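Colleague: Based on what follows, work out the 3D shape:
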Amino acid sequence: MKSPNIQGQRRGGMMLFLALLLLISLEFYGKIFERGVGNYLKWQNSTRPQLGRVWERDRQGVLAKSKIQTMRSLLDSREESTEAIDSLKTLFEKIEPPFPLVLSREKFIELYYDFPGQWSAEIISPFELLSIDSENNWTRVLLKRSGPWITVNFLDTRNIPVHKIFMATDALAEVQATRAVKRGSLEDAGFENDRVYSAAVFLPVLQTLDPKTQHAVFPDPRWFLGKDYSITRLGVREPEAPLGSIPSLEFGVEYDTDYYTGVLLIPVPLEVANNMLSQIERTGSDTIGEEFHALTAPSGDIP
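Modeller: Down below sits the predicted model:
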C-alpha cells in the first residue's frame, strides 16, 4: 500500500502538469503573455528611455480612435441640437465661428426645399445637390464659419467631407433681407388696413405676370398647398429696414392653418410692386362696383 505522501506528490505533479498544459494552450491560442507584454510596453513608452516604434504606433492608433470617437459624439450632439431649426434662414443665422452646426441629410433637404424662394438654390443648385446625392455616400452636413467665409461640408458615414461649398458671409445679409415667416395676422405684423387686399383680388393679378416674375415675387404654390395653408389676404407696406440698394416694397401674404394664422413677408422690386398694385386696386374697384350693382339692381336684373 502506497503511503499518503507519495499519493500527494503524484496529485501535485498532475495538477502542475495540467496547469502548465492550460497555460501553454492559452498562450498558443490566445497569446496572453505576448499581449500582456505588448500592452505593458505600449503604455509605459512615455517613461522608458527608448521608444519602441511598433508599440508607439499601436499607442498612437488607440489615441486616434479615441479622438475620432470623441469627435463623432460631438457631431452627434450638435446634430441633435439642429433638429428643432425650422427654416434655412434660421440655420444660417445661427452659425458662429466657435460653434459649427451639424444636421442630417434628411433635415438639410427638408430645409433646402422648404425655403419659400430661390435663395436656397444660390447656396447649391438643385442639380449639383442631385449629383452629390447620386453618389449615395453623404449622411449629414457640417456648417462652419471662419473669417469672411462659411464652409458647407457634405460628410460621409465616416464624417469625411465628400463635397465642399464656400460662401461669403456677405450672403447672410441676403438671407436676412429675404423672405421670412411670422405668426399672427397682417395687422399684428404692422400692415395698415387700407393696404390690405383679399386673396380673391390679388391672386388673379399674380396669374397675369410672366412665369419668371411670378417666381421672383411669390413662392412655389407647393409651399402653401403641401402644408395645407389657405391664403386669405395680401398686405403691402414700406419695408421696416432697407432691403438693399434697389427700391422695394414688402408684401405680406396672410394664410390660415389648422392651428394659427401666419404671414409670409416678401420683398418685391418697386417697379413690379407698383405694376401689381395698379392692377390690384383696379380689380378691387371693379369688384366693389359689381357687388354694389348686384345689391342695388332690381331682382329681375340679377342673373
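
Colleague: So which residues of the chain form strands?
Modeller: Counting by DSSP state E, one finds strands in the chain at the ranges 101-104, 140-146, 149-155, 161-168, 180-183, 196-198, 230-237, 248-256, 261-269.

Colleague: What are the buried residues along the fourth one?
Modeller: By neighbour count on 16 or more other Cβ atoms under 10 Å, the buried set for strand 161-168 is 163, 167. For the C-beta atoms, the positions are set from N, CA and C on the backbone; glycine is no exception.

Colleague: Direction included, what does that strand pair against?
Modeller: In the sheet, strand 161-168 lines up against strand 149-155 (antiparallel) (DSSP bridges).

Colleague: Extract the C-alpha trace of the strand it pairs with and format it as CSV.
Modeller: The C-alpha coordinates for strand 149-155 follow below in CSV (Å, rounded to 0.1, in the frame of the first residue of the first chain):
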residue,chain,number,x,y,z
TRP,A,149,-16.3,82.5,-45.2
ILE,A,150,-18.9,79.9,-44.4
THR,A,151,-18.0,76.3,-45.3
VAL,A,152,-20.7,73.7,-46.1
ASN,A,153,-19.3,70.2,-45.8
PHE,A,154,-21.2,67.2,-47.0
LEU,A,155,-19.9,64.3,-44.8
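
Colleague: let's number from 58 now, not from 1
Modeller: Sure thing, new numbering starts at 58, so read that last one as strand 206-212.

Colleague: got a list of contacts for it?
Modeller: 149, 152, 180-181, 189, 195-202, 218-226, 228-229 (Cβ atoms under 8 Å, 6 or more residues apart in numbering).

Colleague: repeat that with 6 Å
Modeller: 189, 195, 197-201, 218-224, 226 (Cβ atoms under 6 Å, 6 or more residues apart in numbering).

Colleague: Kindly report the same for stretch 229-246.
Modeller: So stretch 229-246 is contacted by 146, 149, 173-174, 176, 253, 292, 300-301, 309, 311, 317-323 (Cβ under 6 Å, 6+ apart).

Colleague: Closest one to residue 166 out of the contacts of strand 206-212, please.
Modeller: residue 198 (9.6 Å; Cβ to Cβ).

Colleague: what's the burial count for the residue nearest to that closest one when sequence neighbours are not counted?
Modeller: Counting by Cβ to Cβ, 6 or more residues apart in numbering, residue 165 is the residue found nearest to residue 198 once chain neighbours are left out, at 4.7 Å. Residues near residue 165, counting by other Cβ atoms under 10 Å, number 22.

Colleague: Could you pull up the residues touching the closest residue in space to residue 246 that isn't next to it in sequence?
Modeller: Excluding its sequence neighbours, the residue lying closest to residue 246 (Cβ to Cβ, 6+ apart) is residue 320, at 4.8 Å. Contact analysis of residue 320 by Cβ under 6 Å, 6+ apart lists 239, 243, 246, 309, 311.

Colleague: For those residues, give me JSON lines that also has distance to residue 287 and pLDDT.
Modeller: Below are the contacts of residue 320 laid out as JSON lines (distance: Cβ to Cβ, whole Å; pLDDT from 0 to 100):
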{"residue": "239", "distance to residue 287": "17", "pLDDT": "86"}
{"residue": "243", "distance to residue 287": "15", "pLDDT": "92"}
{"residue": "246", "distance to residue 287": "18", "pLDDT": "89"}
{"residue": "309", "distance to residue 287": "15", "pLDDT": "92"}
{"residue": "311", "distance to residue 287": "10", "pLDDT": "94"}
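
Colleague: hang on, the earlier thing: measure the residue nearest to residue 246 to residue 189 for me?
Modeller: 34 Å (Cβ to Cβ, to the nearest Å).

Colleague: May I see the PyMOL selection of the buried members of the contacts of residue 320?
Modeller: The buried residues among the contacts of residue 320 can be selected in PyMOL (16+ other Cβ under 10 Å) with this line:
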select buried, resi 243+246+309+311
